[in-house]
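Asks: the following block contains a protein sequence and its predicted model.
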Amino acid sequence: MTDYQPMPPESGSGRFPGSPYAADEIRQPPKALRPVIYLLLINLGLSILLTLLVFAFRHSVVNFQVSHARIDRNRPIQLQLNIARTAARVSIYSRAFGNIVVAVVYWFLVRSLLNGKRRAYRRVLLLSILGIVSLIFLWTKPYPNWIRAEQVVQSLVLAAILYQVTRPDVRSFFAKPKT
């Protein structure tokens, strides 16, 4: 049998190597951060659900968008309809790809939020604002009513994220460290 010497205690290390907080200053995320994380996951779930539904009903969605396309009578109509159909198909596939990227980003974003990274906090603010703006922009495009309903719900979720992330407890958790 070998006698091992006990390891000396680590001095001044935080939760992670290189953390600016000492071991006795480990900050726990505030309870007010939980709704932000839940809402982020709900938003991601809504996006994925809509993508799956649009993909499942892609022919009717494409036909709807083509039937509502703006047609210039001075140009070949069939050419414009073909362009509109191609654009609608590309939109469906790009949304699926975008959701895969967003899912990966959300994974790292939630982890960073729980670790108290200010950069993640700023990204959540930016993503929720840009998400609302992009959903407003989507109202200029033709979509069936069931997609419009999901867009309204998703806008409300993004507004709730924006509200929750600006709460005093959450803001103070991500405040710049005082030097």
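Replies: Perfect, I can see it now.
Asks: hmm, which helix or strand of this protein has the shakiest average pLDDT?
Replies: None of the helices or strands of the chain scores lower by mean pLDDT, DSSP states H and E than helix 77-114, at a mean of 88.
Asks: how far does stretch 69-87 stretch from start to finish?
Replies: The first and last residues of stretch 69-87 sit 11 Å apart, counting by Cα to Cα, to the nearest Å.
Asks: what segments of the chain are helices?
Replies: 33-56, 58-67, 77-114, 118-138, 145-165, 168-173 (DSSP state H).
Asks: in CSV: those, plus mean neighbour count and distance to residue 179.
Replies: For every residue, glycine as well, the C-beta is placed using N, CA and C. As requested, those are exported to CSV (neighbours: other Cβ atoms under 10 Å; distance: least, Cβ to Cβ, whole Å):
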stretch, mean neighbour count, distance to residue 179
helix 33-56, 17, 24
helix 58-67, 16, 54
helix 77-114, 14, 22
helix 118-138, 15, 14
helix 145-165, 17, 24
helix 168-173, 14, 17
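Asks: would you mind measuring from residue 148 to residue 138?
Replies: Noted for residue 148: a distance of 9 Å to residue 138, by Cβ to Cβ, to the nearest Å.
Asks: kindly apply the preceding question to residue 100 instead.
Replies: 19 Å.
Asks: returning to that earlier point: just how off-centre is the least confident helix or strand of the chain within its chain?
Replies: Centroid separation for helix 77-114 versus its chain: 13 Å, with Cα atoms, centre = their mean, to the nearest Å.
Asks: who are the packing partners of that helix?
Replies: Where contact means 3 or more Cβ pairs under 8 Å, 6 or more residues apart in numbering; DSSP states H and E, helix 77-114 is packed against helix 33-56, helix 58-67, helix 118-138.
Asks: where in the protein is pLDDT low?
Replies: Within the chain, the set of residues satisfying pLDDT under 70 comprises 1-27.
Asks: if we go to 50?
Replies: 12-16, 19, 22-24 (pLDDT under 50).
Asks: what sits against the nearest residue to residue 84 once chain neighbours are set aside?
Replies: Excluding its sequence neighbours, the residue lying closest to residue 84 (Cβ to Cβ, 6 or more residues apart in numbering) is residue 69, at 3.8 Å. The neighbourhood of residue 69, defined by Cβ atoms under 8 Å, 6 or more residues apart in numbering, consists of 80-81, 84, 142.
Asks: same check on residue 43?
Replies: Applying Cβ under 8 Å, 6+ apart, the residues near residue 43 are 131, 154, 157-158, 161.
Asks: most widely separated two among the residues you listed?
Replies: Within the contacts of residue 43, 154 and 161 form the most distant pair, 10.5 Å apart (Cβ to Cβ).
Asks: for the closest residue in space to residue 158 that isn't next to it in sequence, give its distance to residue 159.
Replies: Spatial nearest neighbour of residue 158, excluding adjacent residues (Cβ to Cβ, 6+ apart): residue 131 at 4.5 Å. Distance from residue 131 to residue 159, counting by Cβ to Cβ: 9 Å.
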